[in-house]
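Asker: Here's a sequence, model it:
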Amino acid sequence: MPMNEKIRNCGSATCTALLKTMLFFFNILFFALGGCLVFIGVYGLRDFHSFFTFTSSSSVWATFLCAGLFMLSVAVLSFWCIPKGVRWLLNVYGGLVFILCLVVLGTSTAFMVRREMLEETIKADFSKKMNIYPTESEPIDFIQRQVECCGLENYTDWFATEWANKHNNVPESCCIDTENCVHENINLMNVSGIWQEGCYMKVKTAIENQYTFIGAIGLGASVFILFGAILSWWLAPNLKQNR
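Answerer: As a prediction, the model looks like this:
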């Protein structure tokens, strides 16, 4: 028997049982990962929606949620077909997991490639939101409080907006301490009460610092998911021989 055929067919019930056990534990982790993505999606939609209104990536949390629900559905299918030994469903499961592997890998790659586009989009949209402040104040106030910044490049950007009306005014969200903060008609000789650094550079730095980490997570997740697809496709032909 050729070597590749020997690898494909275990040849014993013990090997088949081992594959089933490995696939079952993989599926537990797969199910847990799907649950984490659902949690991240719900949490992001609830608490971080304001930040992502700056970019066309406002659907990022919905993407996490949909991916998590898809993984949970596929995992439930596997929990049923592994003990039952339904070969065609195992092949379908392997195919779905493999597709998910490609999606995760492609998304991670696109995220890395489009970094500069994301940064420029944030810059343009932040400037646009400043010019219509306080009509849509929530996104601006949210990011300034969370990132601890003020304005686009620095706090003086606010002085040129229609809202400030050429006065030295900044939003209250620029204040370091909101209880003891002067944010209207600011004395330029004393601006210690507000954040002076602009939001764009701080957000850009945060994105760049996390890109390698995010890319590594995406690559690792795609390899992990691919392992599950291989296990499923490996198990299916052995079930017939060692049922």
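
Asker: any idea how far residue 199 is from residue 149?
Answerer: 4 Å (C-beta to C-beta, to the nearest Å). C-beta: built from backbone N, CA, C; applies to glycine.

Asker: Give the closest residue to residue 42 in space, chain neighbours not counted.
Answerer: Leaving aside its chain neighbours, residue 42 sits nearest to residue 65 (6.4 Å; criterion: C-beta to C-beta, 6 or more residues apart in numbering).

Asker: Would you confirm that the one you found belongs to a strand?
Answerer: No: under DSSP: H, G, I helix; E, B strand; the rest coil, residue 65 falls outside any strand and is assigned helix.

Asker: joint contacts of residue 199 and residue 149?
Answerer: residue 143 (C-beta atoms under 8 Å, 6 or more residues apart in numbering).

Asker: For the helix or strand containing residue 227, which helices and strands make contact with it?
Answerer: Under the criterion of DSSP states H and E, residue 227 resides in helix 199-241. Judged by 3 or more C-beta pairs under 8 Å, 6 or more residues apart in numbering; DSSP states H and E, the packing partners of helix 199-241 are helix 13-47, helix 87-113, helix 115-131, helix 137-147.

Asker: Give me the domain ranges for this protein.
Answerer: 3-116+222-241, 121-201 (automatic domain parsing).

Asker: Go through those domains and find the least confident stretch.
Answerer: Mean pLDDT values for these show the minimum at domain 3-116+222-241, a mean of 73.

Asker: Of all the helices and strands packed on helix 199-241, which one is nearest residue 81?
Answerer: Among the helices and strands packed on helix 199-241, helix 87-113 comes nearest to residue 81, with 3.8 Å by C-beta to C-beta.

Asker: Go through that closest one and flag the buried ones.
Answerer: 87, 89-94, 96-98, 100-101, 104-105, 108, 111 (16 or more other C-beta atoms under 10 Å).

Asker: Show me which residues of stretch 202-217 are buried.
Answerer: So, applying 16+ other C-beta under 10 Å, buried residues of stretch 202-217: 203-204.

Asker: mind exporting it as PDB, just the C-alpha atoms?
Answerer: Provided in PDB are the C-alpha atoms of stretch 202-217 (Å, rounded to 0.1, in the frame of the first residue of the first chain):
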ATOM      1  CA  LYS A 202      -2.600  58.400  19.100                       C
ATOM      2  CA  VAL A 203      -5.100  56.300  17.200                       C
ATOM      3  CA  LYS A 204      -2.600  55.700  14.400                       C
ATOM      4  CA  THR A 205       0.100  54.600  16.900                       C
ATOM      5  CA  ALA A 206      -2.300  52.300  18.600                       C
ATOM      6  CA  ILE A 207      -3.300  50.700  15.300                       C
ATOM      7  CA  GLU A 208       0.300  50.200  14.200                       C
ATOM      8  CA  ASN A 209       1.300  48.800  17.500                       C
ATOM      9  CA  GLN A 210      -1.400  46.100  17.200                       C
ATOM     10  CA  TYR A 211      -1.100  45.200  13.600                       C
ATOM     11  CA  THR A 212       1.600  42.500  14.100                       C
ATOM     12  CA  PHE A 213      -0.300  41.100  17.000                       C
ATOM     13  CA  ILE A 214      -3.600  41.000  15.000                       C
ATOM     14  CA  GLY A 215      -1.900  39.400  12.000                       C
ATOM     15  CA  ALA A 216      -0.300  36.700  14.100                       C
ATOM     16  CA  ILE A 217      -3.700  35.900  15.700                       C
END
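
Asker: Report whether residue 149 is found in a helix, as I expect.
Answerer: No: read with three-state DSSP, residue 149 is coil and lies in no helix.
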